[in-house]
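>>> Coordinates only, no sequence provided:
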């Protein structure tokens, strides 16, 4: 079985986790931009992007894990100042092909500031036609998702290159109906391997990607292989497991 973890923050974890991931067969990860605090301004975001692009990719490579970098302003980490400078820098990074996707971006509370920053980033993604990894919050998820979809639609974003992440099972049908990619996070407080089994049994494996969202919150570096093991025991075919754990994300972001 082959694995690509479609949403990670490995830069917030130690080398022991990277070794576990490599040993378990995780051969690729998508690095999503996020800080567990509100950055002061441009310099903090500049350093984050620099670390992801230059340092974290090499740190992963030393363990045999390939990576793609998604850069963006997370709605929970909008800088206190100099947002325009950050957006201009994101443009430069895409212009120089330093990053492969926009992310993670989206809405947390749905404030006017979050909406404005989200829209400006979507316009950058439209200019460069890069995949977009969209965050949905733990609270008021359905209401915020409706707002996210409305914004994506108004900005004429191609839904086929959008992962709407951290979804709950009740929202999957809505996301699939618009042609976006369903992102499912196996993590305490989010989904379990049993939840993934139920989803795959109901909807099949097409247009679905699985991730650990490994970072500062309680999370499992082995979320994908553990889930694959559970699905296999419950009778899900190896082909279907391979699609949600590897092939679907690789089609969008080749690693």
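Ah, there it is. Keep in mind that this is a model prediction, so the values were computed, not measured.
>>> Where do the helices of the stretch 101-250 of the chain begin and end?
In the stretch 101-250 of the chain, the helices defined using DSSP state H, counting those that start in this stretch lie at 112-128, 141-154, 172-177, 193-203, 223-233, 238-242, 248-252.
>>> Adding mean pLDDT, mean neighbour count and distance to residue 216, write those out as JSON lines.
C-beta here means a position set from N, CA and C on the backbone, and glycine is covered the same way. Shown next, in JSON lines, are these (pLDDT from 0 to 100; neighbours: other C-beta atoms under 10 Å; distance: least, C-beta to C-beta, whole Å):
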{"stretch": "helix 112-128", "mean pLDDT": "98", "mean neighbour count": "17", "distance to residue 216": "20"}
{"stretch": "helix 141-154", "mean pLDDT": "98", "mean neighbour count": "16", "distance to residue 216": "20"}
{"stretch": "helix 172-177", "mean pLDDT": "98", "mean neighbour count": "16", "distance to residue 216": "26"}
{"stretch": "helix 193-203", "mean pLDDT": "98", "mean neighbour count": "16", "distance to residue 216": "22"}
{"stretch": "helix 223-233", "mean pLDDT": "98", "mean neighbour count": "20", "distance to residue 216": "15"}
{"stretch": "helix 238-242", "mean pLDDT": "98", "mean neighbour count": "15", "distance to residue 216": "28"}
{"stretch": "helix 248-252", "mean pLDDT": "98", "mean neighbour count": "19", "distance to residue 216": "23"}
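>>> out of these, nearest to residue 40?
Evaluated over those, closeness to residue 40 peaks at helix 112-128, with 15.9 Å, by C-beta to C-beta.
>>> before we move on, the earlier item: quick one: which of the helices of the stretch 101-250 of the chain is nearest residue 9?
Going by C-beta to C-beta, the one of the helices of the stretch 101-250 of the chain nearest residue 9 is helix 223-233, 13.1 Å.
>>> what sits against the spatially closest residue to residue 73 that is not a sequence neighbour?
Spatial nearest neighbour of residue 73, excluding adjacent residues (C-beta to C-beta, 6 or more residues apart in numbering): residue 117 at 5.5 Å. Residues near residue 117 by C-beta atoms under 8 Å, 6 or more residues apart in numbering: 73, 75, 78, 83, 87, 105.
>>> Name the member of those with the most neighbours.
Highest neighbour count within the contacts of residue 117: residue 105, with 29 neighbours (other C-beta atoms under 10 Å).
>>> Which positions are bridged to it in the beta structure?
residue 134 (DSSP bridges).
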